[in-house]
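> Predicted model, plus sequence, below.
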There are 4 protein chains.
Amino acid sequence: MTQGDTVKRVAVAGASGYAGGELLRLLLGHPGVEIGALTGASNAGQTLGTLQPHLLPLAGRILEETSVETLSGHDVVFLALPHGQSGAIAEALPEGTVVIDCGADFRLADAAEWERFYGSEHAGTWPYGLPELPGNRAKLAGATKIAVPGCYPTVSSLALAPAVAAGIVENDVVVVAASGTSGAGKAAKAHLLGSETAGNVSAYGVGGVHRHTPEITQNLSALAGGHVTVSFTPLLVPMPRGILATCTARLKPGVTPEDARAVYEKAYADEPFVHLLPEGQWPQTKSVTGSNAVHLQVTVDETAGRLVAVGAVDNLTKGTAGAAVQCMNLALGLDEATGLSTIGLAP
Amino acid sequence: MTQGDTVKRVAVAGASGYAGGELLRLLLGHPGVEIGALTGASNAGQTLGTLQPHLLPLAGRILEETSVETLSGHDVVFLALPHGQSGAIAEALPEGTVVIDCGADFRLADAAEWERFYGSEHAGTWPYGLPELPGNRAKLAGATKIAVPGCYPTVSSLALAPAVAAGIVENDVVVVAASGTSGAGKAAKAHLLGSETAGNVSAYGVGGVHRHTPEITQNLSALAGGHVTVSFTPLLVPMPRGILATCTARLKPGVTPEDARAVYEKAYADEPFVHLLPEGQWPQTKSVTGSNAVHLQVTVDETAGRLVAVGAVDNLTKGTAGAAVQCMNLALGLDEATGLSTIGLAP
Amino acid sequence: MTQGDTVKRVAVAGASGYAGGELLRLLLGHPGVEIGALTGASNAGQTLGTLQPHLLPLAGRILEETSVETLSGHDVVFLALPHGQSGAIAEALPEGTVVIDCGADFRLADAAEWERFYGSEHAGTWPYGLPELPGNRAKLAGATKIAVPGCYPTVSSLALAPAVAAGIVENDVVVVAASGTSGAGKAAKAHLLGSETAGNVSAYGVGGVHRHTPEITQNLSALAGGHVTVSFTPLLVPMPRGILATCTARLKPGVTPEDARAVYEKAYADEPFVHLLPEGQWPQTKSVTGSNAVHLQVTVDETAGRLVAVGAVDNLTKGTAGAAVQCMNLALGLDEATGLSTIGLAP
Amino acid sequence: MTQGDTVKRVAVAGASGYAGGELLRLLLGHPGVEIGALTGASNAGQTLGTLQPHLLPLAGRILEETSVETLSGHDVVFLALPHGQSGAIAEALPEGTVVIDCGADFRLADAAEWERFYGSEHAGTWPYGLPELPGNRAKLAGATKIAVPGCYPTVSSLALAPAVAAGIVENDVVVVAASGTSGAGKAAKAHLLGSETAGNVSAYGVGGVHRHTPEITQNLSALAGGHVTVSFTPLLVPMPRGILATCTARLKPGVTPEDARAVYEKAYADEPFVHLLPEGQWPQTKSVTGSNAVHLQVTVDETAGRLVAVGAVDNLTKGTAGAAVQCMNLALGLDEATGLSTIGLAP
């Protein structure tokens, strides 16, 4: 922040969930905001101390009902709601409110794709909160409606973007991304019990049916200037946070390892949060726990004729809540990194 | 076993490691064997109760030095040694001894590939202990030298074999396989400490440099009748056991989902340990913990034009020690499933 | 089993839960039984392959409704039901059916204690299925109604029994027992999600309110021939299976470390499943995973004037389903260890 | 900090270990310090990015040899070294340097106890860095030599201090504390491999032999004004960070639950980092991950006649590095909470 900035009042709808909790963790350390209304659905009336006991400074706060009334009167409203609920609230909030949607409702530009994957009417398209993709940062500056990207699309797109944009790979990519369980949310489901997830890796949403597939496709196709075919398989791994995405595509003829590395170095040289690791060092999710950083590495498999890029991200931070705060900073004209960190919590 | 079989005396070299421990766990439940010498290197002289406290019936056994003398006089010798050590021992053992090598030394047929990946002279090639691949079972029956496959090649090959053999995919496959940490062995290394592996997923051996790459290539190329290009990326995930391999290849034109499923159903219809799950159910590693089963599922991603096959295996059981016992059964003319189970330990 | 035994037909009520699944895992390996009806409540109609995918040989079985009709006609019926449901079913089953209740309903002898802790009417008291406590084995031989002990009472009682029975400690014990999450069952609850349990240890039921407290008190008081005061605190730790109980009591004056060890050695010298580790080796839960063994160690803290005994058990095996099978063996006159193992699955 | 403070230059000896890494994580967020020399032993010459990849802003820093020369010229020197090494370095540093020792060397006042537990000559006694114990804060203000408490003694002492100081319990306490694996350090040891620790709970240092026992005894005895007998059992649980200590002692006659709670409320009412949870809510380690907070709860077990207090702490933060920073703040006259947080990272 610069001197003279006034403190902004922010609300969080969905404060009892994982995305909401991570937003509050970050906002508590943000020098330019004051935390206003916190809302929930079935948890309304409970203290945040019961629901999010790690957020000690807010332990006495009581969750209110998610409603337009409760959320009005804030400079910024973060929506961390089940998909389908953001549109009506966003429309009813006072003009000028910065609305940042952590859900999926406004991410896709193609209404048909939305309907095919979500089975409901398309609500519209908002500026896409991944400032590191070409052209996005300018659209986010001063925006009042922002769609925060999905966690898998964030890391997959960033891991492949330089290669796809530079045209050094064919437009046919394979992404296998291993995610911690918090990506599945806090609703009680038997297959997500600790007894089930511990010591277990499983694949789900296989065969192109996961809802993040069209979002990855949209991002990469825009960069390629043509359709990119995406084979996306998510895995559930026994840890609470983090995604490691392994991304590969056939190299165009004549592309050398040095070419590939140069393309990545150039793409992210000035990015505060995307970090290409030194050669030979591969990303691990733990290095980015609680951090807004993305760790990347890229190599060329000359025998297989493929580029392999691996990216690590914290699904709740840069994958959701950190990206949301980064977008808020851009929307409000603050330094993009305010309240965010590139330091992970390890071990 | 059939009545009239005599009990065979077996030795395990490398009994203090993870593969050795799993061999003993299985052999303790095998009705046709008697456990003879147990050997180790730096651990010789210690009780097995100290080194493998879960093997209570053997707690009082003392590890001997790994040597030809110690290992001679057994019907079957299992070698669970660092690579490079098996050849000299195998040659010196009495003729007729069934030697089953859990290491890599005799898996590859191509000496140049061996030297490129292992940096030492090629020791030779033994019958390859994956009876489920066409032609292998016959070579294992009555064999006295058997090379147990690597854990990643086992599940990757079985997941892709039907499609590759049937020619329904292009010969350019991508495998991303998430493994528990026991695959990295029991030697103390800082990056394998529980403090490092917990809550962490990392990629390693990326870009075709992992030593299991030529083994997968060898298996699939034999099935395809031509060279198959393999992009293989292993991941380390926070669990002790299990591998989940996600395998994909472009479909040949005109191949339907029904075609793909039929190919897999036919390939494994009579296999005791390879199980194609009902449609819509995806493999998870926990279902095969401690079991010799491989759980598979296959689907077609029509948008991406790809076949996706996912396989789960316990890296220590069907991925190593279970396969070794299965091979011993074949070598000795016993029922292939003796002492093995398709029941996992869960949760 | 001895030759001439006929195979017994067994049913499992509550086959979709963790105790039910573990019962089936063990029964599949038991040479004297044939698996009959499998029943569930909300899961009736589903295949076992969907609910318990690790039990491959039973994957095609369909769960029936839990009812007297379904469960009748079996030699043995295992009840793995929520407490309060066993009594009515047990009464209605044909006379002579061996009913083994894995729930709490018939464990306590004191109706007032039952009502205080469970808030409902006391259903009665059945022979208590912990054969290793003095006098119990004889009561279990040939019994047709057996109450399987709770998981915490099993390991806590066995860890303290020799010292309490020998009168070498004061009748005021402290037990802190760390349990894996499967002890809390398979019902979906938010605080048991993997995202919550991973990387987390918590205490619950603190201050004597956990329902296993009166059961431990009952067991130890019977041994002491007088009331034993029990302070019991359970902890939830991030693993699916296993309990490690740390138990301590003030030593009576003049008791030496040698005295203490001698008391334990003598108590369990002939027990097939309770194993006192060699001096200096401390129990760990992993050594007993999937095994019916209990690993114990005991020491004397001369500075603090206390005996400390530590026991490890698999809460689902010796802590529930293994004990149930052990009791069935006694009830049917089979060798007590039939179908059970002292070998754990590690790592 | 207040305006006019100058930024202090700090060095960290032992920057490649877990305590060193956590110190750097906190110091990077501390507004009053500038990070100077980082030193190591066998890792000297390597980049911090290789050793602590989560500390991205320091990734390019190269570890120097731990020596008096390297560490001189800083306002504050943190020592995170194996025990026995701090004394010589501290003596040789320029007068006025604030030396904060995260090791054990200067914690114990009783030379005989030091020698009994550590087997070497006692180096001396420094002000004890647990400001929340009566009398300590004043001694730490402006100190130039500070001994940071052990992780177990921190949480155990804070959980029991109010009851012991108020004389509402007998001077005979039992502590069972479950710790994450990072407490055992980053040196590669086979029993700390992820394959061993995952899914495993074990006891170690049982029977009063753990080196933190005399430290807990010292703290509590000072409060009681007489010797307190401590039975301390540490457990290793499968998570990287966090300690949950379960502490119990017999209540003095006539003490009510309300008395007990009042004693705790009063003791910590003004403490910034020690938080008594609302009645009925029990601590969990995850709520304090990466935070300097201690979560406590206390209850009275009227049946057993015991007080039970449970405390949760992050062993690396409030248990080591956070306490070190808190002590530095006191030594330098800064606000005690500067650069520290009461917000945990969850899930």
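Alright, I've got the coordinates.
> Near chain D, which residues of the stretch 101-250 of chain A are found?
A:182, A:186, A:198-199, A:240-241 (CB under 8 Å from any CB of the partner chain). Heads up, the C-betas are built off the backbone N, CA and C, glycines and all.
> Can you show me the strands along the stretch 101-250 of chain A?
Listed in chain order, the strands of the stretch 101-250 of chain A (DSSP state E, counting those that start in this stretch) span residues A:145-147, A:169-179, A:202-203, A:229-236, A:243-251.
> Not counting its own residues, what contacts the first one?
Residues outside strand A:145-147 that contact it (CB atoms under 8 Å, 6 or more residues apart in numbering or on different chains): A:90, A:98-101, A:105-107, A:125-129, A:140, A:324, A:327-328, A:331.
> go again using 6 Å as the cut-off
Strand A:145-147 is contacted by residues A:99-101, A:106-107, A:126-129, A:327 when judged by CB atoms under 6 Å, 6 or more residues apart in numbering or on different chains.
> Get me the contact residues on the stretch 101-250 of chain A for chain C.
Contact residues, the stretch 101-250 of chain A versus chain C (CB under 6 Å from any CB of the partner chain): A:181-182, A:186, A:188-190, A:192-195, A:197-198, A:240.
> Let's see that with 8 Å instead.
A:180-182, A:184, A:186-190, A:192-199, A:238-240.
> from the strands of the stretch 101-250 of chain A, which stretch is densest packed?
strand A:243-251 (a mean of 28; mean count of other CB atoms under 10 Å in any protein chain shown).
> how about that one, does it reach chain B?
Yes - using CB under 8 Å from any CB, we find that strand A:243-251 touches chain B at A:244, A:246, A:248, A:250.
> Could I get the contacting residues of the third one?
Residue A:248 makes contact with A:173-174, A:306-309, B:174, B:231, B:233 under the criterion CB under 8 Å, 6+ apart.
> any chance of those residues in TSV, plus pLDDT?
Output for these, formatted as TSV (pLDDT from 0 to 100):
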residue	pLDDT
A:173	98
A:174	98
A:306	98
A:307	98
A:308	98
A:309	98
B:174	98
B:231	98
B:233	98
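> nearest to chain D, of the residues you listed?
Chain D lies nearest to residue A:309 out of the contacts of residue A:248, by CB to the nearest CB, at 17.4 Å.
> beta partners of the closest one?
residue A:247, residue A:298 (DSSP bridges).
> Any idea how many residues pack against it?
28 (other CB atoms under 10 Å in any protein chain shown).
> Not counting sequence-adjacent ones, nearest residue to the closest residue to chain B within the stretch 1-150 of chain A?
Proximity to chain B, evaluated over the stretch 1-150 of chain A using CB to the nearest CB, is greatest for residue A:116 at 9.6 Å. Of all residues not flanking residue A:116 in the chain, residue A:214 sits nearest, at 7.7 Å (CB to CB, 6 or more residues apart in numbering or on different chains).
> returning to that earlier point: just send the contacts of strand A:145-147 back as CSV, with neighbour count, distance to residue B:227 and pLDDT too.
Formatted as CSV, the contacts of strand A:145-147 follow (neighbours: other CB atoms under 10 Å in any protein chain shown; distance: CB to CB, whole Å; pLDDT from 0 to 100):
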residue, neighbour count, distance to residue B:227, pLDDT
A:99, 24, 55, 98
A:100, 30, 51, 98
A:101, 29, 49, 98
A:106, 26, 47, 98
A:107, 25, 41, 98
A:126, 22, 48, 98
A:127, 22, 47, 98
A:128, 26, 42, 98
A:129, 27, 44, 98
A:327, 29, 48, 98
